[in-house]
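*Asks:* predicted structure and sequence below. I'll ask about it afterward.
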Amino acid sequence: MQENIAAAPTLVYPESDGEPMAETPKHQQVMIDCMDVMRRPLREVTDVYIGGNMFLYYEEGNPRKSVSPDVFMVRGVPKKELRVYKTWEQPPTLDFVLEVASPSTFEKDFTVKKEIYAKILQVKEYYIYDPYHEIEPAFIGFRLVGGDYEEIDFVEGRLPSEVLGLELGEYEDALRLYNPVTGTWLDTSRERADKAEAELAKLRAELKRLQTSE
């Protein structure tokens, strides 16, 4: 009698848990703006990946071993589409993580996730930010030193990031990135487009003025 040989089950690493991207539109906007602004100064660097709100699996063969950073950056990964991040297929350690916190998530951000980021993913810098200031501290950063996190000191109200070469702080009631070399806050794509549109409107008005004065 011929024996039936069953195929080994395919291990599935889910891409979504069915939950919304963020608790509130403000939380979501912080994530989107942070990724957007981070990408601009690194747009010419081919091996830096910036992502967020995606599953990151850190133990092959065990889909339960996962975390989903709100925003993260890792060097050594080409700019490409990733549906999930697997540390056995990509660099196993990360450079930067931001968690946008709330009263319902901050305990996990400060305990479970912090332990995973420090001991397993060895994230060089980890930031936690609450856009509504409902938790204390509402904004804090850690830098990995000798395998443990040390709190980053504020400089003129901002947290300096060594991995980004920028500073994180609040500007106009939102988390933004600041360039200490130029002394300017970095604009989002939306803000750059608004400024370009305003400048174009100004030029058109000046051209019209010149034409009517002839």
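*Replies:* Structure's in. What do you need? Residues are numbered from 1 along each chain as shown.

*Asks:* would you map the strands across this structure?
*Replies:* 48-51, 56-57, 66-67, 71-75, 85-86, 96-100, 125-129, 139-145, 148-151, 159-161, 166-170, 175-179, 184-185 (DSSP state E).

*Asks:* mind putting those into a markdown table with mean neighbour count?
*Replies:* Just so you know, the C-beta spots here come from the backbone N, C-alpha and C atoms, and that holds for glycine as well. Output for the strands of the chain, formatted as a markdown table (neighbours: other CB atoms under 10 Å):
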| stretch | mean neighbour count |
| --- | --- |
| strand 48-51 | 18 |
| strand 56-57 | 21 |
| strand 66-67 | 19 |
| strand 71-75 | 24 |
| strand 85-86 | 20 |
| strand 96-100 | 25 |
| strand 125-129 | 24 |
| strand 139-145 | 19 |
| strand 148-151 | 13 |
| strand 159-161 | 22 |
| strand 166-170 | 20 |
| strand 175-179 | 20 |
| strand 184-185 | 14 |
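
*Asks:* tabulate the ones you listed (CSV), appending distance to K108 and mean pLDDT.
*Replies:* As requested, the strands of the chain are exported to CSV (distance: least, CB to CB, whole Å; pLDDT from 0 to 100):
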stretch, distance to K108, mean pLDDT
strand 48-51, 20, 94
strand 56-57, 15, 96
strand 66-67, 10, 96
strand 71-75, 16, 96
strand 85-86, 19, 96
strand 96-100, 9, 98
strand 125-129, 11, 98
strand 139-145, 15, 98
strand 148-151, 16, 98
strand 159-161, 21, 98
strand 166-170, 21, 97
strand 175-179, 20, 95
strand 184-185, 30, 95
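
*Asks:* got TSV for those, with distance to R39 too?
*Replies:* Supplementary listing: the strands of the chain in TSV, determined by distance: least, CB to CB, whole Å:
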stretch	distance to R39
strand 48-51	5
strand 56-57	19
strand 66-67	22
strand 71-75	9
strand 85-86	17
strand 96-100	12
strand 125-129	17
strand 139-145	20
strand 148-151	26
strand 159-161	15
strand 166-170	12
strand 175-179	11
strand 184-185	16
